[in-house]
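**Student:** the sequence isn't on hand, but the structure is:
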């Protein structure tokens, strides 16, 4: 069976390709630019864009299972061509699909998949650990992290764990019709994350707390829209309970404990100047 992985060069798609190949599965990886994909040699890399239905026919040919993302990888807007994607998948013989959610609410793609008779599993991760890469430059150059809302906790998840849950759902039975909320094994505040980075790197990294006005000014200078800023503030001042509640889902689905933030930092230590 060929397994199609869309968003194959993304934070979840890349480890999913690697894990499926390591387990001996045939993998077709969809990306907008195969020449720059730099995916493992065992993957069949094809050009395509989920937002452009006409570009997907070859990608779905002969596929038995597919990992989809519910948003356009270019601007993160929800895909609007869900029925067309589902029609292609069904005609190709796809039986199982996993869908990486981009929003808490149900996307048009998810609705189309649920109505289309496919065996679906929705993946609802909380904050990605890779968000900590926003701090990499200041850690490298100054040994400092500047961040606001010191008490805000996040049950961040390692992207490879999201991939592991997807791989399990795509290759084993018993996961159809499930929406899996995915977290890491601990809920950490920004100072605790910084302390973890410092411990792993073996050098002092200081946490400097910013005021609300200072962090908003920083976001605006980075180029975030008013809508983005409003969302960021809501997530930090009145976050949904799901964002900081540790769940055992990763271990329940995969049989392995969720990876810790310390493990993620060790794997990405070079980015922080190790």
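**Tutor:** Cool, got the structure. In this text, all values refer to a predicted model and were calculated from it rather than measured experimentally.

**Student:** per the annotation, how does the chain divide into domains?
**Tutor:** Per the record, the chain has its domains at 2-125, 127-158+183-245+259-274, by automatic domain parsing.

**Student:** now those as TSV including distance to residue 171, mean pLDDT and mean neighbour count?
**Tutor:** No exception for glycine: its C-beta is placed from N, CA and C like everyone else's. Conversion of the domains of the chain to TSV gives the following (distance: least, C-beta to C-beta, whole Å; pLDDT from 0 to 100; neighbours: other C-beta atoms under 10 Å):
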stretch	distance to residue 171	mean pLDDT	mean neighbour count
domain 2-125	7	93	19
domain 127-158+183-245+259-274	20	95	16
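
**Student:** okay, those domains in CSV with distance to residue 177 next?
**Tutor:** Output for those, formatted as CSV (distance: least, C-beta to C-beta, whole Å):
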stretch, distance to residue 177
domain 2-125, 7
domain 127-158+183-245+259-274, 20
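
**Student:** and residue 176, which of those is closest to it?
**Tutor:** Nearest of the domains of the chain to residue 176, taken as C-beta to C-beta: domain 2-125 at 3.9 Å.

**Student:** first to last residue in that closest one, what's the distance?
**Tutor:** Its first and final residues considered, domain 2-125 spans 25 Å by C-alpha to C-alpha, to the nearest Å.

**Student:** between the domains of the chain, which gets nearest to residue 253?
**Tutor:** Residue 253 lies closest to domain 2-125 among the domains of the chain, at 9.2 Å (C-beta to C-beta).

**Student:** got the phi and psi for the nearest residue to residue 183 once chain neighbours are set aside?
**Tutor:** Closest residue to residue 183 apart from its sequence neighbours, by C-beta to C-beta, 6 or more residues apart in numbering: residue 155 at 3.8 Å. Main-chain torsions, residue 155, degrees, to the nearest 10: phi -90, psi 50.

**Student:** list the contacts for residue 155?
**Tutor:** Under the criterion of C-beta atoms under 8 Å, 6 or more residues apart in numbering, the neighbours of residue 155 are 126-127, 183-184, 186-187, 243-247.

**Student:** thinking again about what came up before, of all the domains of the chain, which one is nearest residue 251?
**Tutor:** Nearest of the domains of the chain (C-beta to C-beta): domain 127-158+183-245+259-274, 8.4 Å.

**Student:** for the closest one, the distance to its chain's centre please.
**Tutor:** 16 Å (C-alpha atoms, centre = their mean, to the nearest Å).
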